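*Asks:* sequence-free structure coming up:
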């Protein structure tokens, strides 16, 4: 007959093994969700980098566009200065988002700045229509074509980014992965969407 003392030790050992196994399962479950969140957050950063390349191209084109317009639109200095200021604000906001696209405040600032910039460019292009010589300028035509192409690439990249953000946000918000997300400071990211209805269409000029 088994000694009661040894039986007691065996029971405790069995409970310890079961408890250890339970803790190990919980740990592995949590680690799996944590790693998935990290992968998705990195995917969001990578997706934004595709937008970032096109935004940088856009910002690089604008100073040249302004220089060409200056020679013809001497009485539109206010419009030109507004575009320059909007470009500067958007450039600064983009730099902050590039570091952490999942930061809602930074993304909100960028979206606002981008909306103002696109609206400003739209007004500039509309005014340019009334300057025949400017419309006929070869540099103006080339810059407008490149700018429109860049806007289209931004739109394409934005769709991929928003799809990735949706996956990340679902992981952050849905139970039980939301528990791990809250524990380690993962917060839903903001989609890259233009809030100004007038800024949803890329500025175009027909030459």
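*Replies:* Looks like it came in fine. Since the model is a prediction, treat every value here as computed from it, not as a measurement. Numbers count the residues shown, from 1 in each chain.

*Asks:* okay, and for the protein, where does confidence drop off?
*Replies:* Applying pLDDT under 70 to the chain flags residues 1-12, 194-207.

*Asks:* can you map out the strands along it?
*Replies:* Using DSSP state E, no strands are found in the chain.

*Asks:* Next up, the contacts around the most centrally placed residue in it.
*Replies:* Nearest residue to the geometric centre of the chain (CA atoms, centre = their mean): residue 48, 4.6 Å. Listed by CB atoms under 8 Å, 6 or more residues apart in numbering, the contact partners of residue 48 are 97-98, 101, 161, 192. Where you see a C-beta, it was placed from the backbone N, CA and C, and this is true even at glycine.

*Asks:* Make JSON lines out of those residues and add neighbour count.
*Replies:* Output for these, formatted as JSON lines (neighbours: other CB atoms under 10 Å):
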{"residue": "97", "neighbour count": "24"}
{"residue": "98", "neighbour count": "17"}
{"residue": "101", "neighbour count": "26"}
{"residue": "161", "neighbour count": "25"}
{"residue": "192", "neighbour count": "24"}
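
*Asks:* any idea how far residue 87 is from the closest residue to residue 146 other than its chain neighbours?
*Replies:* Closest residue to residue 146 apart from its sequence neighbours, by CB to CB, 6 or more residues apart in numbering: residue 61 at 5.8 Å. Residue 61 sits at a distance of 10 Å from residue 87 (criterion: CB to CB, to the nearest Å).

*Asks:* same question, residue 144
*Replies:* Per CB to CB, residue 144 is found 16 Å from residue 87.

*Asks:* for residue 172, same thing?
*Replies:* Here residue 172 is placed at a distance of 33 Å from residue 87 (CB to CB).

*Asks:* cool, and residue 182?
*Replies:* Distance from residue 182 to residue 87, counting by CB to CB: 38 Å.

*Asks:* Mind checking which of those two has more residues around it?
*Replies:* Taking other CB atoms under 10 Å, residue 182 and residue 87 do not tie; residue 87 has more neighbours (23 against 12).
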